[in-house]
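**Student:** following is a predicted model, sequence given first.
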Protein chains: 2
Amino acid sequence: MIKTPSLRLPSHKSPDPISFLTEKKSYSIENFVTEEGKTLPSFELGYETYGQLNDQGDNAILICHYFSGNSHAAGRYSAQDPEPGYWDDLIGPGKGIDTHKYFIVSVDILCNACPHLPFIKTIGPSTLEETTQKPYGMNFPHITIADMVHSQKIILDFLGVTHLKAVVGCSLGSMQAWQWAADYPDFLDKIIPIIGSGFETHPFVTSAVSLWAKMLTLDPCWNEGNYTPQNYPHEGMKAGLEILTWNCLSSHWAEVYGADGFKKLAEERAKFIEPNHFLYIIKAVQNFSVRKHLPKIKAKALVIAAASDFLMKPEFSKHAVQESLNHGIQASYLEIEGEGGHLDGLFAISKVSQNIKHFIEE
Amino acid sequence: MIKTPSLRLPSHKSPDPISFLTEKKSYSIENFVTEEGKTLPSFELGYETYGQLNDQGDNAILICHYFSGNSHAAGRYSAQDPEPGYWDDLIGPGKGIDTHKYFIVSVDILCNACPHLPFIKTIGPSTLEETTQKPYGMNFPHITIADMVHSQKIILDFLGVTHLKAVVGCSLGSMQAWQWAADYPDFLDKIIPIIGSGFETHPFVTSAVSLWAKMLTLDPCWNEGNYTPQNYPHEGMKAGLEILTWNCLSSHWAEVYGADGFKKLAEERAKFIEPNHFLYIIKAVQNFSVRKHLPKIKAKALVIAAASDFLMKPEFSKHAVQESLNHGIQASYLEIEGEGGHLDGLFAISKVSQNIKHFIEE
């Protein structure tokens, strides 16, 4: 008897009952200049905050989200909300990242993968160009990890945050954590990159994500990004998500949910993903590297990998720690035991929440 | 400086100088009835033999080839031949599988992936239907691993082989080895399934190979299998081979040859692969299971995995050994150390050739 597939394994901890309620907010950003020098039109960017900022504005922790995620990191939107934010096991009153002590901020990335979900506010290729009232499509400016980080800094400034205790992020979020350490070395104390590829994208990962993109772009309905609701790359988008899902889960997951599990899950999730945004995030991942900025980094790093992750392999994180130490960056390594693959960085985070707590507070 | 990509890592042993010369032969098979009851038209099937059959016909070893391989397992076709058969490190005079002692046979599989290479003889969807003189396409009968094995048995009978010392195969060949043990339990003593998925295809592998197929079938030029030289699924075929290649190599390989290495290699290799044959082999892999035949199996098994293989994971082989023992099948496990991924089963085979020798001779 195979169950309806879920990203979560039966062996993963179930979500806690309601720990706190939260809401999505947004901030209007104007005259945003991208790393490559293009100015974006004004846009609203979604964010969430948990806990209270102190008078000095220096008890803040920034959470950076993963590829298909968003800024809903913890809490529930209502008492009826069936599922809390993805790291509710880590963030909350008395938890590893304690909302009684810290002011926690999380921001939707530029080109967020799911721009049509009502609680996500972002900008990207699906945004309508003001003059034509048509989507930008592939004419939208390239977005980099540094651009994502820059947009987060604007929101932190607006909120009155003067200093970050830590930047914590998983997968794509781990890249943002390293980018924060490179771009704002005096603004933060610590970074916790989780299930990442180190401080630059490993060529194994670059080629994997190019295959995700290839699935989409092989669909003739993708049409160089000029798809319409009538002529939409459903097949390519589902297949792109299926390979992403295969890469991010594990053989144990396949034993639990069956060989068709990846496909079923991808079919459900594809409804929410905007194809061109998917491609823009892939490009940002492929271009990520802070190698040349290593000498500037001052933050102390706790690098966490998932033991069964065969995409962002534990050895990439170990290597990042070793190279960090070689560059005089204080760094240590921690592994999440489990059989869930890459996504143990989300669903098995409770296994390391005390380590995260100690690292932040030490 | 990145080298031209090769499936072989620089750390792999280079091929030996000429150990012996060999030639491709073929045998005409008539009235072949498939497992699902369809009769194939007469066809030539390619095979190679190394060493001499004894008078009793019982010193034979059968080698079963991998997904994109063929029966050229060892030796060279001429003194000018730049590369020997894929397991030349294992098979030859005085080697692990010693051509001085054994009569070694290898056969091109039905629906071989590369039917247009001059030294391969097979039948499949690219074969011309007699009445229409057009390729069968997707109307060709389904082929199973049992059908492949059955065709090999016909050739062994023709050659006068009365008994097999062992059946040895890697990847797809490992499935054939298990199938041999299930279908002809009295005809063989031992099997050596290498870099396999155990005695049935693991759901993780089933879903991976469905993604290989998806890349091809997303290309509109695939046209439900009715492609022509003028309207050929080049893009889909290259992409399908790229994901296959990514699955079969490793992160270390990506470090050596770069993120584009998989794509470059796939582009070169796609020229030789027949798209519909690719799909037929995938279907055969997905349908493989000898679970219900386990009580019939008499052969002793040496199950060999590659340590860095993340597709046919070592744990699948370990699990097969454990389950074999539970079913009263004598089985042991051996691992090839290395960083080359799945294909260490080809290119690092010399690391275990003495173990193979001892297992066959004990």
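**Tutor:** In hand now; what should we look at?
**Student:** and the nearest residue to A:Gly345 once chain neighbours are set aside, how far is that from chain B?
**Tutor:** Among residues not flanking A:Gly345 along the chain, A:Ile195 sits closest, at 3.3 Å (C-beta to C-beta, 6 or more residues apart in numbering or on different chains). Every C-beta, even on glycine, is put in place using the N, C-alpha and C of the backbone. Distance, A:Ile195 to chain B, by C-beta to the nearest C-beta, to the nearest Å: 15 Å.
**Student:** A:Leu110 and A:Asn287: what is the separation?
**Tutor:** Distance, A:Leu110 to A:Asn287, using C-beta to C-beta, to the nearest Å: 14 Å.
**Student:** looking at the two, which is more packed in?
**Tutor:** Legend: neighbour count by other C-beta atoms under 10 Å in any protein chain shown for A:Leu110 and A:Asn287, higher for A:Leu110 (29 against 16).
**Student:** before we move on, what SS does the more buried one have?
**Tutor:** coil (DSSP: H, G, I helix; E, B strand; the rest coil).
**Student:** how about the contacts made by A:Gly57?
**Tutor:** A:Gly160, A:Val161, A:Thr162, A:His163 (C-beta atoms under 8 Å, 6 or more residues apart in numbering or on different chains).
**Student:** please tell me which one of those residues counts the most neighbours.
**Tutor:** With neighbours defined as other C-beta under 10 Å, the most crowded of the contacts of A:Gly57 is A:Val161; it has 21 neighbours.
**Student:** which residue sits closest to that residue in space, ignoring its chain neighbours?
**Tutor:** A:Ala60 (4.4 Å).
**Student:** try A:Leu294
**Tutor:** Computed as C-beta to C-beta, 6+ apart, the closest residue to A:Leu294 that is not its neighbour in sequence is A:His327, at 4.6 Å.
**Student:** correct me if wrong: A:Lys214 contacts B:Ala239.
**Tutor:** Yes: using C-beta atoms under 8 Å, A:Lys214 makes contact with B:Ala239 at a distance of 4.9 Å.
**Student:** overlap in contacts of these two?
**Tutor:** B:Met215.
**Student:** quick revisit: please identify which of the contacts of A:Gly57 is nearest to B:Ser151.
**Tutor:** A:Val161 (70.2 Å; C-beta to C-beta).
**Student:** identify the bridge partners of the residue nearest to A:Val161.
**Tutor:** When assigned by DSSP bridges, A:Ala60 has beta-bridge partners A:Phe103, A:Leu164.
**Student:** distance of it from chain B?
**Tutor:** Note on A:Ala60: its distance to chain B, by C-beta to the nearest C-beta, is 35 Å.
**Student:** hmm, who's touching the helix or strand hosting A:Glu315?
**Tutor:** Assigned by DSSP states H and E, A:Glu315 falls within helix A:314-326. With contact meaning C-beta under 8 Å, 6+ apart, helix A:314-326 is reached by A:193, A:196-199, A:202, A:205, A:294, A:297, A:301, A:303-307, A:330-333, A:335, B:251.
**Student:** show me the contacts for A:Ala182.
**Tutor:** Here A:Ala182 is in contact with A:Val290, A:His293, A:Leu294, A:Lys296, A:Ile297 (C-beta under 8 Å, 6+ apart).
**Student:** what is the burial count for the fourth one?
**Tutor:** Close neighbours of A:Lys296, defined as other C-beta under 10 Å, add up to 13.
**Student:** list the contacts of it.
**Tutor:** Contacts for A:Lys296 (C-beta under 8 Å, 6+ apart) come out as A:Ala182, A:Pro185.
**Student:** give me that answer again for 10 Å
**Tutor:** A:Lys296 makes contact with A:Ala181, A:Ala182, A:Asp183, A:Tyr184, A:Pro185, A:Asp186, A:Val290, according to C-beta atoms under 10 Å, 6 or more residues apart in numbering or on different chains.
**Student:** just the second one next, same as before
**Tutor:** With contact taken as C-beta under 10 Å, 6+ apart, A:His293 is in contact with A:Ala146, A:Trp178, A:Gln179, A:Ala181, A:Ala182, A:Asp183, A:Pro185, A:Phe199.
**Student:** helix, strand or coil for it?
**Tutor:** Secondary structure, three-state DSSP: A:His293 is helix.
**Student:** how close does it sit to B:His234?
**Tutor:** A:His293 is 41 Å from B:His234, by C-beta to C-beta.
**Student:** nearest to chain B among the contacts of A:Ala182?
**Tutor:** Chain B has its nearest neighbour among the contacts of A:Ala182 in A:Val290, at 17.5 Å by C-beta to the nearest C-beta.
**Student:** once you drop chain neighbours, what's closest to that closest one?
**Tutor:** A:Ala182 (4.1 Å).
**Student:** are we agreed that the one you found is in a helix?
**Tutor:** Yes: assessed by three-state DSSP, A:Ala182 belongs to a helix.
**Student:** low-confidence ranges in chain A?
**Tutor:** Where chain A drops to pLDDT under 70, the residues are A:1-2.
**Student:** run the last query once more with 90
**Tutor:** A:1-4, A:13-19 (pLDDT under 90).
**Student:** A:Gln56 and A:Tyr50, how far apart?
**Tutor:** 18 Å.
**Student:** between the two, which one's more packed in?
**Tutor:** A:Tyr50 (24 against 9).
**Student:** gap between that one and A:Pro193?
**Tutor:** 21 Å.
**Student:** any part of stretch A:263-280 near chain B?
**Tutor:** Yes: Stretch A:263-280 reaches chain B (C-beta under 10 Å from any C-beta of the partner chain) through A:Lys263.
**Student:** distance between the ends of that stretch?
**Tutor:** 23 Å (C-alpha to C-alpha, to the nearest Å).
**Student:** then A:Thr49 would be within a strand, right?
**Tutor:** Yes: residue state for A:Thr49 (three-state DSSP) corresponds to a strand.
**Student:** count of neighbours near the closest residue to it other than its chain neighbours?
**Tutor:** Of all residues not flanking A:Thr49 in the chain, A:Val105 sits nearest, at 5.2 Å (C-beta to C-beta, 6+ apart). Using other C-beta under 10 Å, A:Val105 is surrounded by 25 other residues.
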